[in-house]
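1. The amino acid sequence is not available; the structure is as follows:
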């Protein structure tokens, strides 16, 4: 356990993170890599992840919302930043000043950005979004849309920075829908070219596209989950690239007791011991991002042995069956996500038990869980959710 830290922490292995990015760079070659660091770097800590992704070979950063972009600038990140979702016009002036590339899917929005940029004597960078089948954001693929984008390109204070779309099912073994989307996107690209509209970058590939659909890489890719060591699904070709999980989640046994048969554990008494049972209490709960639907089925590692969650996950604690852990003591390390001994429990396994996806598991790790950043097997630095503590409080 690290010194002066809450007995629950996430370890972020920066060596593994950077190696994952180097492998992505080797796979895609010289194309422009936009590292996706939305949702606080998928729960890993956006500013720290951004710096190391850029050092390892990424060219640009993508976030979901403008406040994420502003956080990175406030932390001294000067690299180009793309905002993937809608940016309210209230933030337009600040976004244009900072050089953020903004998602655009209507002429009216572009016209407003053009007006504001003109007043500032700057150019508004636009990511034109094409909806090829995701059904979320973007211009539909049509002649009318092509005309509208051409009108946008004629505005005097905008830069047609990129043309982008997004795969809906590139992580599926059946790539027919993905290839249909790709055909639509190419059609829209041709319509733009026929109208004399050009873009600096053309992007469609998320992680699954990067892995399984190399023809969709164009001159720009947007890797997401693969950077953090997980594959988009079990159906992508994992032989294409080897990536390793970056985040581990660790705790300690804060109470150990042996209870007799017939003892109930946790809220609602959903578990009752059928024999004498050694129960270890760990200070992690659903407020920390450990899902309540892992009650009575989640597993952690103590002493390299699997220990099942007993009863319901509490807000701040779980109780686990440590009966098979010979020699376990209070203060011993427990691994909620990661490796210990010869066994491991990673986010994809946790997600299977929780009925979700590994994306949600890693993004859900709460802010109150300290992040400890590791290099060379040692703590390099850490971040903690202590903003409201007065200076010198610790």
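-> Done, it's in. Owing to the predicted nature of the structure, the values given are computational and were not obtained by experimental measurement.
2. Pull the contacting residues for residue 155.
-> Contacts for residue 155 (CB atoms under 8 Å, 6 or more residues apart in numbering) come out as 110-111, 114. (Each C-beta comes from the backbone N, C-alpha and C, glycine too.)
3. Tell me the secondary structure at it.
-> Secondary structure, DSSP: H, G, I helix; E, B strand; the rest coil: residue 155 is coil.
4. got it, and the one 4 residues further on?
-> Three-state secondary structure (criterion: three-state DSSP) places residue 159 in strand.
5. Quick check: it touching residue 122?
-> No - judged on CB atoms under 8 Å, residue 159 makes no contact with residue 122 at a distance of 9.6 Å.
6. for the chain, what spans make up the helices?
-> In the chain, the segments counted as helices under DSSP state H are 14-28, 38-42, 46-56, 66-74, 92-98, 107-120, 143-153, 176-194, 207-212, 347-354, 358-363.
7. looking at the ones you listed, which is buried most?
-> Among these, ranked by average contacts under mean count of other CB atoms under 10 Å, first place goes to helix 207-212 (a mean of 25).
8. Need the contact partners of that helix.
-> 24, 27-28, 167, 170-171, 175, 178, 216-217, 221, 223-227, 231-233, 236-237, 240-241.
9. Just give me the neighbour total for residue 125.
-> Applying the criterion other CB atoms under 10 Å, we find 24 residues in the vicinity of residue 125.
10. contacting residues for it?
-> Contact partners of residue 125, counting by CB under 8 Å, 6+ apart, are 96, 99-102, 158-159, 161.
11. what do you get if the cut-off is 7 Å, keeping everything else the same?
-> 99-102, 159, 161 (CB atoms under 7 Å, 6 or more residues apart in numbering).
12. which residue is nearest the centroid of the chain?
-> For the chain, the residue nearest the mean C-alpha position is residue 42 (2.4 Å; CA atoms, centre = their mean).
13. and that residue, how far is that from residue 234?
-> 19 Å (CB to CB, to the nearest Å).
14. what do you get for residue 374?
-> Distance from residue 374 to residue 234, by CB to CB: 28 Å.
15. neighbour-wise, which of these two wins?
-> Under the neighbour definition other CB under 10 Å, residue 374 and residue 234 were set side by side, and residue 374 has more, 19 against 10.
16. Bridged to that one, which residues?
-> Assessed by DSSP bridges, residue 374 has beta-bridge partners residue 13, residue 379.
17. so where's the stretch 251-394 of the chain uncertain?
-> 386-394 (pLDDT under 70).
18. show me where it has strands.
-> 255-259, 264-265, 271-272, 277-282, 299-302, 305-310, 318-321, 333-340, 343-345, 371-375, 378-383 (DSSP state E, counting those that start in this stretch).
19. Can I get the ones you listed in CSV including distance to residue 144?
-> Putting the strands of the stretch 251-394 of the chain into CSV (distance: least, CB to CB, whole Å) gives the following:
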stretch, distance to residue 144
strand 255-259, 66
strand 264-265, 62
strand 271-272, 60
strand 277-282, 58
strand 299-302, 54
strand 305-310, 55
strand 318-321, 55
strand 333-340, 48
strand 343-345, 51
strand 371-375, 47
strand 378-383, 48
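20. closest one to residue 10 among these?
-> With CB to CB as the criterion, residue 10 lies closest to strand 371-375 of the strands of the stretch 251-394 of the chain, at 5.1 Å.
21. for that closest one, the distance to its chain's centre please.
-> Strand 371-375 sits 17 Å away from the centroid of its parent chain (CA atoms, centre = their mean, to the nearest Å).
22. in that strand, what's buried?
-> 371-374 (16 or more other CB atoms under 10 Å).
23. Give me the contact list for that strand.
-> Outside strand 371-375, the residues touching it (CB under 7 Å, 6+ apart) are 2, 9-15, 45, 48, 379-383.
24. of those residues, buried ones?
-> Neighbour-count burial (16+ other CB under 10 Å) is assigned, among the contacts of strand 371-375, to 9-14, 45, 48, 382.
25. Closest to residue 64 out of the residues you listed?
-> For the buried ones among the contacts of strand 371-375, the residue nearest residue 64 by CB to CB is residue 45; the value is 15.6 Å.
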